[in-house]
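A.B. asks: Sequence first, then the predicted structure:
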There are 2 protein chains.
Amino acid sequence: MVSIQQAKQHTIEHNVDFIKKAKDLKPALIRDIIYPSHFVEVVRNEDIVHGWEVKKKEKASSLSSKTYGKGDQFILDFSTHQVGYIKMKVTPIGSPPDAPLHLKLTFGEMPVEMAEPFSTYSGWISSSWLQEETMYIDVLPNNIELSRRYSFRYVKVEVLDTSRKYKITFDDIQCHTVTSANPSEVPSFSYKDELIHTIDKVSMKTLQDCMQEVFEDGPKRDRRLWLGDLRLQALANYKTFQNNDLVKRCLYLFAGVTNTNGQVAANLFISPKLIPDDTYLFDYSLLFVTTLHDYYFYVKDKNTLKDLWPTAYQQIEIALTRLNEQHIVQDSETWWSFIDWNDNLNKQAASQAILIYAIKHAIKLAEVLEDEKVTCLKHQLKEITEATKRHLWDEDKKFFISGENRQVSWASQIWMVLAEVLDPKENNELLHRLLSEKPEIGITTPYMYHYLVEALLLVNEKEKAVKQIKTYWGEMVKDGADTFWELYNPENKSFSPYGSPLINSYCHAWSCTPTYFIREYNM
Amino acid sequence: MVSIQQAKQHTIEHNVDFIKKAKDLKPALIRDIIYPSHFVEVVRNEDIVHGWEVKKKEKASSLSSKTYGKGDQFILDFSTHQVGYIKMKVTPIGSPPDAPLHLKLTFGEMPVEMAEPFSTYSGWISSSWLQEETMYIDVLPNNIELSRRYSFRYVKVEVLDTSRKYKITFDDIQCHTVTSANPSEVPSFSYKDELIHTIDKVSMKTLQDCMQEVFEDGPKRDRRLWLGDLRLQALANYKTFQNNDLVKRCLYLFAGVTNTNGQVAANLFISPKLIPDDTYLFDYSLLFVTTLHDYYFYVKDKNTLKDLWPTAYQQIEIALTRLNEQHIVQDSETWWSFIDWNDNLNKQAASQAILIYAIKHAIKLAEVLEDEKVTCLKHQLKEITEATKRHLWDEDKKFFISGENRQVSWASQIWMVLAEVLDPKENNELLHRLLSEKPEIGITTPYMYHYLVEALLLVNEKEKAVKQIKTYWGEMVKDGADTFWELYNPENKSFSPYGSPLINSYCHAWSCTPTYFIREYNM
C-alpha cells in the first residue's frame, strides 16, 4: 500500500483571468470512426508478456452474419489502440424478444484484460478503473451508444442472457475516436532505420490518444492532467502535432488554481469543474517552471510567459522554504516528491537536483523578461549547488547520496547529471560510472527512462541514447505495444506498483518522448 | 423446463385503422415523486414467507448525513410497492474523486430479492428480469437518473468501489412513479370489515401499478399486455379507476395485429413498435370475446363493439376448427391453452368449457348487434354443450374428465361450472362436490382462483366466495403483500413455475380482482 496525500483543509486561489484564458483555449476534438478488424482469441503462452497471446481469427466483417445466445461471447480486435465511444446495433433473431437482453462489455488495452477476470484484482488503487459495462437492453432492436469513453484495442462481448425465444446479432460495432492531436500537423521525417520509425509511430500514437481536452496522463487511467506528464507531452508535441495552444491551456489551468501559498497542484480535475487535486509534489511543482521554459523557447509566446512567470517563480520560492540550514532539501518518509514509482527510492538527492534544474530554467526566463530576480536566483543557484556538492557528493563512492542512509540510486545520479552540478568532465564521468556500476536502486518507469536519455544526450552520448531508446522502448514494441506503457520493467514485465498488471495503463503520456528525442536530435 | 411456442413463419395482418385508434388512445401517464421512508435490514426467519424478514431501522431522512466507502451497502424501504424511475444525487466527500465511482443497485418487490444473490438463479426464464444495475460514475458530484423503469419496494445500494481518497453521500434518492390509473376516479365504498378493506386497497394498488401505456401483466415481469390478464384487469378497472379508454385501446391493439387466420395473439409487445408475440393460446384468444363482452356491457360503447365484433367472432370460428368429429376440442401435449400454471394439468376440458363460455358471450353481442350469426352460434352452442356432457362428463365420478387419462381437476370443474353446461342444480352440486372432494390436481395461480370465486358467485355462494377471498388473498396480505402476487400457493409459499421465487412477479395483474368482486357484489 503506497502512501497518498490527502488534505483536510484545502483552500484554493482562483485566478479568474487565467481560468478564462484556459477555457477559451479548450480544443475542439477531432473525431473518426474505427471498425474492428478481426475476431481474436486469447490463449495462454508463458513466452508472451503477461502470459497471454492473441490469435487472429476470421475478419470482423462476418460479425453481422452470426447469432449469439445466452453464454456466448467473442472478442474483437480494433487493430490498434483506440480512445473513444462505442456504438453498436443489436437486433433480435427468432421470436419477438420476450425478456431484456443482458450484455457485458469488457475493454482491454492488452490481452491480459481479455483473459483474466477483473474480479481477481485486489490492488490498492480503485478497481473502478477496470473498463467494463454490464447493461440491460429492454427494447430490441436497439442502437446502443455507451456514454463513457474507453481506451482499448480489444472488446470482449458477453451475452449474459437473452431468453429461450430469441438470440441476437451485432451490427456496426464501431468506435468513435476522439483526440485533440491533428496528424496532418506532424512534420515529415527521414528515418534511419525501421525500428526507429516504429518507435516514432508508437510514440506519436501514445501522445495522440492522451491528447484530449487537456494532456491526459493515460486515457484509461487516471485520465487526468499531471504536471510531470505534461512536461514530457509538451516536448513531444512541439516536434509532432504542434497543438501549442493545448500546452498553453494546461499551463493556465495549473496557474489558475494554486493553493494559498501559490503552489501549483500535482494534477488537476477538469470535470464537473476545474479542481486541483490535494496532492502537491516537490518535483512536479518545480516542473511547472521547466514546462513554461520549454513552452517559451519553442513557441516564443512572450505574453503567456509574462502572465505565468510570477506563478513559475513562486514554485522556486516555495521549494526554497524546504531547504534546511545546510541548503539541502529536507527529506521525508511521506509521498512528498514523485521522481519514480519506486518504494525503495530515497527522493532527497533527485529532488535537490530538480530544484537546481528548475532554478536554471527560471534564470533563463528571468533573463528574457529582464527581471531583476535573476540576481537573486543566480545567488541561490550558487549557494545550493555548492551545498549539494558538499553534503550530497560522496567522494569515496564517487556518487551522489540521498537521505539518512546515504542511498546511491540511478534517479539521484541522473537528475544530478541533468542539473549539471559537477563540471562537464565530471558530469560525463558520473553518467558513465552509473552505467557501468549499475547501483541496485534502479529505474521503474518510462518517465525516469526519459530523463536517463535526456542525461545521455546532455553529456553528448547520442549513440548510447539511441541504443537506450531502442533497447527499452524497442523492447516494448517487440512485446506488442501499440502505444507505450505506463510501466515497463524488462526484467519483470508484469510489474505493477498497484498490485496487478490488469490496472496498469498501456497508453501513458510519460512514455511518449522517443518521438521528441528522435526528431529533436535527428536519431 | 416448460414448453414454449415459437413460430418459424409468423405473418401478421395489420389493421391500420385499428392501430391508429389504439395509438390515439395512448394514455398520458400520471407521475408522482416518492421518497424512501426507512433503512431496513433483511434477516433470516423461517416463519416468514421465503424465509426473510424485514426489520425497520432508522428513518431514511438521515441518509444525507451518512458517508459510504468501498464495500458499504444499505437497503432503503419505499413504504410500499412502486413503479417508476430512480433519481439520486451522489456527492463525494474527502479529496477530489480520483477514480470513478462503481455502484450497484438492486431492486426488490420482496425481501428475498434483497437477501439472496441473483447469481443463485438458474431457472428457465430469462435471468434478465432480475432488477439490478451496475454502473460507473466518472464525474462527481452527479445527479444520477436511471433510464430503466423498476418495480420495487426495496432498493439495495452497494458501493463497489470509490478510491482511498474519497467516500460518497447520497441525497434525494427518489422514485418518479408512473401509472395511467387515476385514484381520484375510484368510487367511494363502505367496507364491511377491515380485512376486506385491506384486500381492496391492495387489489387496487396492484391494478394501479400494472396500468401503464397498456394493461401490463406485471411491471417487473413480463411488462406486457396479455389477453388473460387484460380480461381480469378490465373487470377490476370498471369498478375502480374507470380508465375505460385503456381497455378500448388494448382491444384495438389485439385486433390490429392478428395472424393471417384472424387469430389474436396471446400477448403483444408495444416497443419499439406494436408486435404480436408468436404465442397463440386457445383460451386466451377466446377471452377476447369475453373481454369485448364485458367492455360493451360496462361502457355501452356500441361503435367499438361494431368495429371489433368481426375479430371477436373470428376467435370463435378459429376455435371451432379445433373440434374433432365428436365436437370436443382436440387435446395436445404442447402449450396450446393456458388455463393455469400447472404442468400436470390436462387442459382439454377447461378449454372446451371456455369455448362454451365465449360462445355464450358472443351470442349476447350478436343479439345487441342484431347479427344473423346468432342463429348459427346458438346451434353450435347446443351441439357442443351436448357433446361435452356426452363425452367429458363421467357419470360415476360425477366430475368432468379431461384428456386421454380422464383427469379430474379443479380447473376443469370450475370452467365447466362457469360454462353452465349442467342445469343450475347440477351445476351447484358440482361445485360443492369439487370443494368437498378436493381432487389432487389443484389451483396454482390467483388467475385460476379468480375463476373459482366467479364460479362460487355464479352458483349463489356469495358467503363462500367472500371466505375464499379472505383465506387466499387475505393470507397473502398477512404474508406482507403490498400488491398481489403472480403466484401464491398457501401450501408452498416459495412455489415458482420458473425455478425460483426470485423471479416471480409480486405485483401481477391477474391477482387484482378482489376489488372487482368486493365492489361488484358488495362484499
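C.D. replies: Sure, I can see it.
A.B. asks: tell me how far stretch A:155-163 is from the chain's mean position?
C.D. replies: Its chain's C-alpha centre and that of stretch A:155-163 lie 33 Å apart, by Cα atoms, centre = their mean, to the nearest Å.
A.B. asks: Enumerate the helices of the stretch 101-250 of chain A by residue range, in sequence order.
C.D. replies: A:111-115, A:194-210, A:227-238, A:244-256 (DSSP state H, counting those that start in this stretch).
A.B. asks: Is any residue of the last one near chain B?
C.D. replies: No: under the criterion of Cβ under 8 Å from any Cβ of the partner chain, helix A:244-256 makes no contact with chain B; the nearest approach is 14.0 Å. In this view, the C-beta of every residue, glycine as well, is placed from N, C-alpha and C.
A.B. asks: just checking, what packs against the helix or strand just after that helix?
C.D. replies: As assigned by DSSP states H and E, the chain's next helix or strand after helix A:244-256 is strand A:257-259. In terms of contacts (3 or more Cβ pairs under 8 Å, 6 or more residues apart in numbering or on different chains; DSSP states H and E), strand A:257-259 is packed against strand A:12-14, strand A:275-276.
A.B. asks: can you rerun that using 7 Å?
C.D. replies: Under the contact criterion of 3 or more Cβ pairs under 7 Å, 6 or more residues apart in numbering or on different chains; DSSP states H and E, strand A:257-259 touches strand A:12-14.
A.B. asks: Would you point to the one among the helices of the stretch 101-250 of chain A that's packed deepest?
C.D. replies: Each of the helices of the stretch 101-250 of chain A was scored by mean neighbour count; the highest is helix A:227-238, a mean of 26, by mean count of other Cβ atoms under 10 Å in any protein chain shown.
A.B. asks: So is that helix next to chain B?
C.D. replies: No: residues of helix A:227-238 are not located near chain B by Cβ under 7 Å from any Cβ of the partner chain, the shortest gap being 14.7 Å.
A.B. asks: can you give me the angle that helix makes with helix A:244-256?
C.D. replies: 160 degrees (axes from the mean of the first three to the mean of the last three Cα atoms, to 10 degrees).
A.B. asks: Any chance you could list what contacts helix A:227-238?
C.D. replies: Helix A:227-238 is contacted from outside by A:203, A:207, A:210, A:215, A:217, A:243, A:247, A:250, A:254, A:264, A:266-267, A:284, A:287-288, A:290-291, A:294-295, A:298, A:338, A:447, A:450, A:509-510, A:512-513, A:515-516, using Cβ atoms under 7 Å, 6 or more residues apart in numbering or on different chains.
A.B. asks: Please state the offset of that helix from the chain centre?
C.D. replies: 9 Å.
A.B. asks: between it and helix A:194-210, what angle do the directions make?
C.D. replies: Going by the same axes, to 10 degrees, helix A:227-238 makes 120 degrees with helix A:194-210.
A.B. asks: So for helix A:227-238, mean pLDDT?
C.D. replies: When pLDDT is averaged along helix A:227-238, the result is 98.
A.B. asks: one step back: out of the contacts of helix A:227-238, which sit inside strands?
C.D. replies: A:N267 (DSSP state E).
A.B. asks: Give the ChimeraX command for selecting the buried subset of the contacts of helix A:227-238.
C.D. replies: To isolate the buried members of the contacts of helix A:227-238 in ChimeraX, using 16 or more other Cβ atoms under 10 Å in any protein chain shown:
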select /A:203,207,210,215,217,243,247,250,254,264,266,267,284,287,288,290,291,294,295,298,338,447,450,509,510,512,513,515,516
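A.B. asks: returning to what we had before: would you mind giving the helices of the stretch 101-250 of chain A as TSV with distance to A:Q5 added?
C.D. replies: Shown next, in TSV, are these (distance: least, Cβ to Cβ, whole Å):
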stretch	distance to A:Q5
helix A:111-115	29
helix A:194-210	24
helix A:227-238	14
helix A:244-256	17
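A.B. asks: Out of those helices, which gets nearest to B:I86?
C.D. replies: B:I86 lies closest to helix A:111-115 among these, at 30.7 Å (Cβ to Cβ).
A.B. asks: export the closest one as CSV, just CAs?
C.D. replies: What follows is helix A:111-115, C-alpha atoms only, in CSV (Å, rounded to 0.1, in the frame of the first residue of the first chain):
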residue,chain,number,x,y,z
PRO,A,111,-4.7,-9.2,-24.0
VAL,A,112,-4.4,-9.8,-20.2
GLU,A,113,-7.5,-7.6,-19.7
MET,A,114,-9.5,-10.0,-22.0
ALA,A,115,-8.1,-13.1,-20.3
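A.B. asks: The longest strand anywhere in chain A - which strands sit beside it in the sheet, and in what orientation?
C.D. replies: Within chain A, and with DSSP E defining each element, the longest strand by residue count is strand A:73-94. Strand A:73-94 pairs in its sheet with strand A:38-44 (antiparallel), strand A:142-145 (antiparallel), strand A:150-161 (antiparallel), strand A:166-179 (antiparallel), by DSSP bridges.
A.B. asks: Check which element follows the first one along the chain.
C.D. replies: Towards the C-terminus, the helix or strand next in line after strand A:38-44, according to DSSP H and E, is strand A:52-59.
A.B. asks: what lines up beside that following strand in the sheet?
C.D. replies: Here, using DSSP bridges, strand A:52-59 pairs with strand A:38-44 (antiparallel).
A.B. asks: Which residues of chain A lie near chain B?
C.D. replies: A:4, A:6, A:94-96, A:98-102, A:124-129, A:134, A:136, A:138-139, A:141, A:148, A:161-165, A:222, A:269, A:271-272, A:275, A:277-278.
A.B. asks: Buried only: go through those for me.
C.D. replies: Buried, going by 16+ other Cβ under 10 Å: A:4, A:94-96, A:98-102, A:125-129, A:134, A:136, A:138, A:161-165, A:222, A:269, A:275, A:277-278, out of the residues of chain A next to chain B.
A.B. asks: Might you specify the subset of the residues you listed located within strands?
C.D. replies: Per DSSP E, those map to strands at A:G94, A:L101, A:H102, A:T134, A:Y136, A:D161, A:F269, A:I275.
A.B. asks: For the closest residue to chain B within the stretch 351-500 of chain A, list the residues it contacts.
C.D. replies: Relative to chain B, the nearest point of the stretch 351-500 of chain A is A:Y498 (11.2 Å; Cβ to the nearest Cβ). Counting by Cβ under 7 Å, 6+ apart, A:Y498 touches A:G123, A:W124, A:I125, A:N504.
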